[in-house]
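Enquirer: Coordinates only, no sequence provided:
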């Protein structure tokens, strides 16, 4: 019975992915300018364009066919793992993606982890010391974090830790040490929403009947917190982490640019600057696929950890 | 009641400050357009509270003039998003069925793009500019409202007073606009204010990117 629900979910995901591909492609297709002309302009920015050469290139690229023929070509290419080739480097888009994905994905996972650890710790602390001085400090930290743009924080950290203290590298990617600053910036700026969510969920849960029962049973505060309350607030926190990860993908574009990390976001920006269309199309589609995958995982963890969701699915059928 | 008074006083003061700066800043800081090459790139001092830029213009005044644009843009974008989100969310939540399923798919598609990257690409496609910025950010942000409004409408429409209104023969449009939407407003207002802040941040992020972009272009020229 549960397998059926999961299969239905997977089918929905496939439909979404297909529509995402269609949307990506149509935005690119209807954007002003002829792709063959763009490619030629790109190869030779100073030279004048010959109408005949443009037509020849259009023939070669297949860009003078109908929308659906081109979309079909592109989609069948993707299914074979061929996302086209970059105008700029002449290398396959998938190759450009996979060589840079490691940097961005480790940045994203580490930042999410840091945000989760800081967010949970400070959220729990500010609930336990509600209205205390510590709570006020944490609240100030949250408001400060939410109102400061991440690129400003990145530049500030760069100035303090690299320029003044010479502790950490300011540019490029060689090993873990160059990830510390970007991870700190992204992790801190995404921790504030987690702190807020943790605190509001904890406040709701701590006054609920099951906590009173657990206290009446004589459980210690720490075991109530860990074994009962934290599991109950896990769902909203996981959802938040999922949405945070999607916006981290956007936020990392700017941070990678500042710290000169050879990641996906930085390369995408370069591609957008030089209007390298196959790369933009491929990268945006792959980003979207990644996010769909994360959302799917979040949905599946719901059924895994919350018996209520499982029961609701079973009842429906 | 006492609490209410405090809120009203705080709100008045804040609105007054905001209005003063938003409306009066071009007049207050008109000197910040003046070039003064002798005092270029100064550190913060009493004459230039935020220092001065590479052409000697006062950054404090320029920040406030910039704030005007950011606030206006954020308001316009969020109002557009609110309208689009309210209409789509309310209709899909209220009528349910096929409309709701179609809406869910659209929502999933829009939400599977990271909003900053999607806006960046749209701006790159359409060419930079204020209208493009409004279009790009509206396209990616409306879904936040639509989601909230849909879930509120779905839970509200089962309540007794809505069923009662329907039982005495009120049309569904009347029920939706007269009874359901006013009740959705309460969770909507904090979201709206929060999203204004988010939009200002997104605009500043995109502004940072356009700065890099224009510099790169200047280099390549």
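Expert: Great, that's in hand. Since the model is a prediction, treat every value here as computed from it, not as a measurement.

Enquirer: With adjacent residues omitted, what lies nearest to residue A:142?
Expert: Of all residues not flanking residue A:142 in the chain, residue A:192 sits nearest, at 4.4 Å (Cβ to Cβ, 6 or more residues apart in numbering or on different chains). (C-beta placed from N, C-alpha, C; glycine too.)

Enquirer: buried ones in the helix or strand where that neighbour lies?
Expert: According to DSSP states H and E, residue A:192 maps onto helix A:177-206. Neighbour-count burial for helix A:177-206, counted by 16 or more other Cβ atoms under 10 Å in any protein chain shown, picks out A:178-179, A:181-199, A:201-202, A:205-206.

Enquirer: List of residues touching the very next helix or strand once past that helix?
Expert: The helix or strand immediately downstream of helix A:177-206 is helix A:209-216, counting by DSSP H and E. Here helix A:209-216 makes contact (Cβ atoms under 8 Å, 6 or more residues apart in numbering or on different chains) with A:205, A:224, A:228, A:229.

Enquirer: Closest residue of the stretch 151-300 of chain A to chain B?
Expert: Going by Cβ to the nearest Cβ, chain B is nearest to residue A:250 of the stretch 151-300 of chain A, at 3.0 Å.

Enquirer: what's the neighbour count on that residue?
Expert: 21 (other Cβ atoms under 10 Å in any protein chain shown).

Enquirer: Can you check what pLDDT the model gives the closest residue to it other than its chain neighbours?
Expert: Distances taken as Cβ to Cβ, 6+ apart put residue B:116 closest to residue A:250, at 3.0 Å, once the chain neighbours are dropped. pLDDT for residue B:116: 82.

Enquirer: correct me, but residue B:116 touches residue B:201?
Expert: No. Counting by Cβ atoms under 8 Å, residue B:201 is not a contact partner of residue B:116; they are 9.8 Å apart.

Enquirer: And residue A:246, what's its pLDDT?
Expert: 83.

Enquirer: what's it in contact with, if anything?
Expert: A:291, A:294, A:295, B:111, B:114.

Enquirer: Which two among those are spaced furthest apart?
Expert: Based on Cβ to Cβ, the longest span within the contacts of residue A:246 runs between A:295 and B:114 and measures 12.2 Å.

Enquirer: Mind pulling up the pLDDT for residue B:213?
Expert: 58.

Enquirer: hang on, the earlier thing: out of residue A:295 and residue B:114, which sits in the more crowded spot?
Expert: A direct count of neighbours by other Cβ under 10 Å for residue A:295 and residue B:114 places residue B:114 higher, at 25 against 20.

Enquirer: Could you tell me how many residues sit around the closest residue to residue A:180 other than its chain neighbours?
Expert: Counting by Cβ to Cβ, 6+ apart, residue A:168 is the residue found nearest to residue A:180 once chain neighbours are left out, at 5.6 Å. Using other Cβ under 10 Å, residue A:168 has 17 other residues around it.

Enquirer: Help me confirm that residue A:168 comes into contact with residue A:178.
Expert: Yes. Residue A:168 lies in contact with residue A:178 (Cβ under 8 Å); the separation is 7.4 Å.

Enquirer: Nearest to chain A within chain B, name that residue for me.
Expert: Relative to chain A, the nearest point of chain B is residue B:116 (3.0 Å; Cβ to the nearest Cβ).

Enquirer: what's near enough to touch that residue?
Expert: The contact partners of residue B:116, taken as Cβ under 8 Å, 6+ apart, are A:247, A:250, A:251, A:253, A:254, B:202, B:205, B:206.

Enquirer: Residue numbers of chain B in contact with chain A?
Expert: Residues of chain B lying near chain A by Cβ under 8 Å from any Cβ of the partner chain: B:105, B:108-109, B:111-118, B:120-122, B:124-126, B:197, B:201, B:204-205, B:208-209, B:212-213, B:216-217.

Enquirer: Relative to chain B, how far out is residue A:21?
Expert: 10 Å (Cβ to the nearest Cβ, to the nearest Å).

Enquirer: does that residue really touch residue A:79, like I thought?
Expert: No. Contact criterion Cβ under 8 Å: residue A:21 and residue A:79 do not qualify, at 10.5 Å.

Enquirer: if you count what's nearby, which of these two comes out ahead?
Expert: Comparing residue A:21 with residue A:79 by other Cβ under 10 Å, the one with more neighbours is residue A:21, at 19 against 7.

Enquirer: Which helix or which strand is home to that one?
Expert: helix A:2-30.

Enquirer: which secondary structure elements does that helix contact?
Expert: Helix A:2-30 sits against helix A:67-79, helix A:277-305, helix A:307-316, helix B:97-111, helix B:115-126, with contacts defined as 3 or more Cβ pairs under 8 Å, 6 or more residues apart in numbering or on different chains; DSSP states H and E.

Enquirer: switch the cut-off to 6 Å
Expert: helix A:277-305, helix B:97-111 (3 or more Cβ pairs under 6 Å, 6 or more residues apart in numbering or on different chains; DSSP states H and E).

Enquirer: Redo the ones you listed as TSV? Include mean pLDDT and distance to residue A:149.
Expert: Formatted as TSV, the helices and strands packed on helix A:2-30 follow (pLDDT from 0 to 100; distance: least, Cβ to Cβ, whole Å):
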stretch	mean pLDDT	distance to residue A:149
helix A:277-305	86	21
helix B:97-111	89	23
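
Enquirer: out of these, deepest packed?
Expert: helix A:277-305 (a mean of 20; mean count of other Cβ atoms under 10 Å in any protein chain shown).

Enquirer: and the angle from the lengthiest helix in chain B to helix B:115-126?
Expert: Ranked by residue count and defined by DSSP state H, the top helix of chain B is helix B:181-220. Calculated by axes from the mean of the first three to the mean of the last three Cα atoms, to 10 degrees, helix B:181-220 forms an angle of 60 degrees with helix B:115-126.

Enquirer: Could I get the buried residue list for helix B:181-220?
Expert: B:181, B:184, B:188, B:191-192, B:195-196, B:198-206, B:208-209, B:213.

Enquirer: With stretch A:122-140 instead?
Expert: Of the residues in stretch A:122-140, A:122, A:123, A:124, A:125, A:126, A:127, A:135, A:138, A:139 count as buried by neighbour count, 16+ other Cβ under 10 Å.

Enquirer: And for stretch A:217-224?
Expert: Here stretch A:217-224 shows residue A:224 as buried, counting by 16+ other Cβ under 10 Å.

Enquirer: could you give the mean pLDDT of that stretch?
Expert: Computed over stretch A:217-224, the average pLDDT equals 85.

Enquirer: and it, how far apart are its ends?
Expert: Start-to-end span of stretch A:217-224 (Cα to Cα, to the nearest Å) is 10 Å.

Enquirer: Residues touching that stretch, excluding its own?
Expert: residue A:214 (Cβ atoms under 6 Å, 6 or more residues apart in numbering or on different chains).

Enquirer: ok, now with 8 Å
Expert: Stretch A:217-224 is contacted by residues A:211, A:214, A:215, A:227, A:228 when judged by Cβ under 8 Å, 6+ apart.

Enquirer: distance between stretch A:24-44 and the chain's centre?
Expert: How far stretch A:24-44 lies from its chain's middle: 27 Å, per Cα atoms, centre = their mean, to the nearest Å.

Enquirer: List the buried residues for it?
Expert: A:24-25, A:27-29, A:31, A:34-41.

Enquirer: can you put these in TSV and add distance to residue A:74 and pLDDT?
Expert: Shown next, in TSV, are the buried residues of stretch A:24-44 (distance: Cβ to Cβ, whole Å; pLDDT from 0 to 100):
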residue	distance to residue A:74	pLDDT
A:24	9	85
A:25	6	85
A:27	13	82
A:28	9	79
A:29	10	79
A:31	15	74
A:34	17	68
A:35	12	68
A:36	15	70
A:37	19	72
A:38	16	70
A:39	16	70
A:40	20	72
A:41	22	70
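
Enquirer: Would you point out the most distant pair within these?
Expert: The widest separation within the buried residues of stretch A:24-44 (Cβ to Cβ) is 23.5 Å, between A:24 and A:40.

Enquirer: what about residue A:130, which SS state?
Expert: coil (DSSP: H, G, I helix; E, B strand; the rest coil).
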